[in-house]
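S.K.: Build me a structure from this.
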Amino acid sequence: MDKLTIISGALFLAADIFAVASLAMPDWIVTEVGGDTRLGLMQTCLTLHKRPSTCYTPSLRPEWLVTLICVFCGCICVTTTVVLILTSIWDRTVTPYAKWVGFVAVIFFCLAAVIFPIGFSQEEIGGAPYQLPNSYQVGISYIFFVMALWTTVISELFASKVCLPHF
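M.R.: As a prediction, this is how the structure comes out:
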């Protein structure tokens with residue numbers, strides 16, 4: 001296994017960790033107006049006036065449901081890519097499959113990144129598509145998701161040997 005494949009596998013693994021962490025936390029959109037509100041794709045948490053936090057599974061609008069599906073499918077593709085890269089240690093013929101599955105992960109993550117801001121128009125937020133109100137901010141979960149997206153893109157460049165270092 002060459003160095004670029006090892007680097008690519010490590011970056012894909014990091015991207016997978018970022019993506020799973022972004023789904024696990026309810027901090028995609030946050031606000032402190034009227035208490036602490038943390039909106040996520042799998043969980044939403046509310047804290048009103050120093051009371052204990054209440055978390056529940058939200059009923060997602062179609063935009064965020066499609067985003068959740070895309071991120072989940074992207075995680076599956078990235079995990080599959082890591083497994084294929086590890087398998088390529090013993091069988092080099094699976095390497096092209098790892099590249100293509102990684103590319104599909106990039107597509108799923110890009111779709112999620114484009115579709116997610118359309119959901120800013122939902123009642124809990126009160127914005128418009130692609131326009132988050134001033135009282136709301138993107139949270140750490142969204143930042144982790146963007147890190148997963150970019151790490152996956154860079155991993156794919158290494159896996160496809162597009163981005164070759166010049167020594």
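S.K.: where along this structure do the strands fall?
M.R.: Counting by DSSP state E, the chain has these strands, from start to end: 29-31, 36-39, 44-47, 54-56, 136-138.
S.K.: Relative to residue 122, which of the ones you listed is closest?
M.R.: When the strands of the chain are ranked by proximity to residue 122, the top entry is strand 36-39, at 8.7 Å, counting by Cβ to Cβ. Just so you know, the C-beta spots here come from the backbone N, C-alpha and C atoms, and that holds for glycine as well.
S.K.: From the contact counts, what lies against that closest one?
M.R.: If contacts are counted by 3 or more Cβ pairs under 8 Å, 6 or more residues apart in numbering; DSSP states H and E, strand 36-39 sits against strand 29-31, strand 44-47.
S.K.: Of the ones you listed, which stretch is the most buried?
M.R.: Across the helices and strands packed on strand 36-39, averaging neighbours per residue (mean count of other Cβ atoms under 10 Å) puts strand 29-31 on top, at a mean of 21.
S.K.: so where is the chain shaky, pLDDT-wise?
M.R.: Of all residues in the chain, those with pLDDT under 70 make up the ranges 1, 162-167.
S.K.: could you redo the last one with a cut-off of 90?
M.R.: 1-8, 32-37, 46-53, 58-60, 88-96, 121-128, 157-167 (pLDDT under 90).
S.K.: Let me see the ranges of the helices in it.
M.R.: Assigned by DSSP state H, the helices in the chain fall at 3-24, 62-87, 95-115, 140-159.
S.K.: list the contacts for residue 121?
M.R.: If you count contacts by Cβ atoms under 8 Å, 6 or more residues apart in numbering, residue 121 has them with 127-129.
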